[in-house]
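Enquirer: attaching a predicted model along with its sequence, questions to come.
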Amino acid sequence: MTISLTTLHSREHDLSSGEAQLRILEKAPVDADFNKRLDAIGLAPLMPTQIQILQVNVGKMCNMTCSHCHVDAGPDRTEIMTRETMEECLHAAQSSGITTVDITGGAPELNPNFYWFVEQLSAQGVHIIDRCNLTILLTGPHKNTAAFLAKHHVEIVCSLPHYRKTSTDAQRGDGTYDQSIQALRMLNDLGYGQGNEELKLTLVTNPVGAFLPPSQSSIEDEWKHELHRNFGITFDRLYTITNMPISRFLEWLVSTGNLVDYMQRLLDAYNPIAAAKVMCRNTISVGWDGMLYDCDFNQMLEMPLNSIARPHISDFDANALKRRTIRTASHCFGCTAGAGSSCSGSVT
Amino acid sequence: MNPYFDKSELKKFGEIGKNVPHLAEKFFDWYNEVFKDGALSEREKALIALAVAHATQCPYCIDAYTTACLEKGSDLDQMTEAVHVASAIKGGACLIHGVQMRGHAERLGM
């Protein structure tokens, strides 16, 4: 999977805008009418079930520039959530029965207020997830981050495309695999990934190319066996996540001529059972500037919430959010292919 | 040009059941059952299929099981090793017949 490891943003690429991405997807010669599929199973318009998870994107800055990144994150991105917006997130979580706050980025740890935010969430008693790229844990300024996360019982959900080196480095850059292994060992030493509910270590694998991910249940044991056999590493669970045809992965699909076949693959694998369980039905996504979205993907496509006068965290109203309709487009087939896909892995 | 192998034809495999459908149904039911997780994982079975696809040199099967191997979680190193296994067996199967050649030659020779 060879692609220029720089952000679309830094190259001033057309696809750095959500509108341009949607335009490309709409033009693809496939029958990708997601709403029609929902209508056929009585789910249109798509509505939330409940709001349990607040997924907070605290910034697009990242120490890495992975080839499939749907955020177009990288070292040049300066969009960072302020402490004031984090305070609004804390208030929203506390006042609305949110059970999980899922912190994502970029590399969330690069936000200077990340540590303060985790401390506040920890005091509120919600389940905290840090979506961690692993390599950040080895950098000088963040060498104590892993211990900090352990102290606050933060679940670490980290990316590792494959338990072997070739695919991992192909997607995330040379040297990533060795650093990831080193970071996983460090997390194991802190007690992560050993069956302790308070120190949960979850690995995430994305396909390294234009194909669907493996079955989570079928592959998890093998991952555990191989990482333990080769490195003595243990972890608690594996998520398999489908690559969304947006942002840098979309750029790769277009530049390699894979877009139409990939979209057709997603359409052919459409699973109505997964459609009923998509994550946007129980999650609200918060952008770095406090804007609210149905999911992280809609956030990156700049598709703010429907039916909400001011979709911003400062006006968070759980009851109004439960009554909204969820915005869909052809990228949503990424969440309904095969066993379904979400930020918590497969959904069926 | 109308090449004999056209990868888009693979999607029409099910059409074989337009005639004698009960046999096609039996075949596809059995086929689908074969590739489910069992004593071997789906990933291991896809690697075996990839190797056999090369040994039988079926381009449809090579495309199908290249995708299947990737989607079951194999990487290119593992898939390449599977093809080497098929090649080694094919090569060995050829070479072992050299014993027959030698026996026959010994019978004919002085």
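Expert: Yes, it's here.
Enquirer: count of residues packed around the closest residue to A:Ala337 other than its chain neighbours?
Expert: Spatial nearest neighbour of A:Ala337, chain neighbours left out: A:Ala269 (3.9 Å); criterion: C-beta to C-beta, 6 or more residues apart in numbering or on different chains. Yep, even glycine has a C-beta here, placed from its N, CA and C like the rest. A count of neighbours around A:Ala269, defined by other C-beta atoms under 10 Å in any protein chain shown, yields 17.
Enquirer: A:Thr166 is in contact with B:Asp77, correct?
Expert: Yes: with contact defined as C-beta atoms under 8 Å, B:Asp77 and A:Thr166 form a contacting pair (5.5 Å).
Enquirer: next, count neighbours for the nearest residue to A:Lys200 once chain neighbours are set aside.
Expert: Of all residues not flanking A:Lys200 in the chain, A:Glu155 sits nearest, at 4.3 Å (C-beta to C-beta, 6+ apart). Using other C-beta under 10 Å, A:Glu155 is surrounded by 21 other residues.
Enquirer: and A:Glu155, how far from chain B?
Expert: 23 Å (C-beta to the nearest C-beta, to the nearest Å).
Enquirer: surely that residue and A:Val204 touch.
Expert: No: distance between A:Glu155 and A:Val204: 12.0 Å, which falls outside the contact criterion (C-beta under 8 Å).
Enquirer: how would you label the residue in chain B that chain A sits nearest to: helix, strand or coil?
Expert: Nearest residue of chain B to chain A, counting by C-beta to the nearest C-beta: B:Gly73, 3.7 Å away. Assigned with DSSP: H, G, I helix; E, B strand; the rest coil, B:Gly73 falls in the coil class.
Enquirer: now for A:Ile41: which residues touch it?
Expert: By C-beta atoms under 8 Å, 6 or more residues apart in numbering or on different chains, the contact list for A:Ile41 reads A:272, A:275-276.
Enquirer: now list the buried members of the residues you listed.
Expert: Buried by 16 or more other C-beta atoms under 10 Å in any protein chain shown: A:275-276, out of these.
Enquirer: whatever residue of chain A ends up closest to chain B: how many residues sit nearby?
Expert: Residue nearest to chain B within chain A (C-beta to the nearest C-beta): A:Pro214, separated by 3.7 Å. A total of 28 residues lie near A:Pro214 under the criterion other C-beta under 10 Å.
Enquirer: distance check, it against A:Ile41.
Expert: A:Pro214 is 26 Å from A:Ile41, where distance means C-beta to C-beta, to the nearest Å.
Enquirer: average pLDDT for whichever helix in chain A runs longest?
Expert: Longest among the helix segments of chain A by residue count, using DSSP state H, is helix A:216-231. Across helix A:216-231, pLDDT averages out at 95.
Enquirer: now do stretch A:6-14
Expert: Per-residue scores along stretch A:6-14 average to 95.
Enquirer: and chain B, which residues reach chain A?
Expert: Proximity of chain B to chain A is assessed by C-beta under 8 Å from any C-beta of the partner chain, with B:37, B:41-43, B:67, B:70-73, B:75-78 identified as the residues in range.
Enquirer: could you dump the residues you listed to JSON lines with distance to A:Lys36, pLDDT and neighbour count?
Expert: As requested, the residues of chain B next to chain A are arranged in JSON lines below (distance: C-beta to C-beta, whole Å; pLDDT from 0 to 100; neighbours: other C-beta atoms under 10 Å in any protein chain shown):
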{"residue": "B:Asp37", "distance to A:Lys36": "33", "pLDDT": "91", "neighbour count": "14"}
{"residue": "B:Ser41", "distance to A:Lys36": "36", "pLDDT": "92", "neighbour count": "19"}
{"residue": "B:Glu42", "distance to A:Lys36": "31", "pLDDT": "94", "neighbour count": "19"}
{"residue": "B:Arg43", "distance to A:Lys36": "34", "pLDDT": "95", "neighbour count": "20"}
{"residue": "B:Thr67", "distance to A:Lys36": "26", "pLDDT": "96", "neighbour count": "17"}
{"residue": "B:Leu70", "distance to A:Lys36": "29", "pLDDT": "96", "neighbour count": "22"}
{"residue": "B:Glu71", "distance to A:Lys36": "26", "pLDDT": "96", "neighbour count": "21"}
{"residue": "B:Lys72", "distance to A:Lys36": "30", "pLDDT": "96", "neighbour count": "24"}
{"residue": "B:Gly73", "distance to A:Lys36": "32", "pLDDT": "95", "neighbour count": "26"}
{"residue": "B:Asp75", "distance to A:Lys36": "36", "pLDDT": "95", "neighbour count": "19"}
{"residue": "B:Leu76", "distance to A:Lys36": "37", "pLDDT": "95", "neighbour count": "16"}
{"residue": "B:Asp77", "distance to A:Lys36": "41", "pLDDT": "95", "neighbour count": "13"}
{"residue": "B:Gln78", "distance to A:Lys36": "39", "pLDDT": "96", "neighbour count": "18"}
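Enquirer: ranges for the helices of the stretch 101-250 of chain A?
Expert: Counting by DSSP state H, counting those that start in this stretch, one finds helices in the stretch 101-250 of chain A at the ranges A:114-124, A:145-151, A:165-172, A:176-189, A:216-231, A:247-255.
Enquirer: typo on my end, chain B
Expert: Assigned helices in chain B, in chain order: B:21-34, B:42-56, B:59-71, B:76-108 (criterion: DSSP H).
Enquirer: list the buried residues of the second one.
Expert: This means helix B:42-56. Under the neighbour-count criterion of 16+ other C-beta under 10 Å, helix B:42-56 has B:42-47, B:49-51, B:53-55 buried.
Enquirer: give me the contacts around that helix.
Expert: Contact partners of helix B:42-56, identified using C-beta under 8 Å, 6+ apart, comprise A:214-215, A:218-219, A:222, B:34-36, B:40, B:61-62, B:64-66, B:68-69, B:72-74, B:78-79, B:82-83, B:85-87, B:89-90.
Enquirer: one more time with 7 Å
Expert: Residues external to helix B:42-56 that are found in contact with it (C-beta atoms under 7 Å, 6 or more residues apart in numbering or on different chains): A:214-215, A:218-219, A:222, B:35-36, B:61-62, B:65-66, B:68-69, B:72-74, B:78-79, B:82-83, B:85-86, B:89-90.
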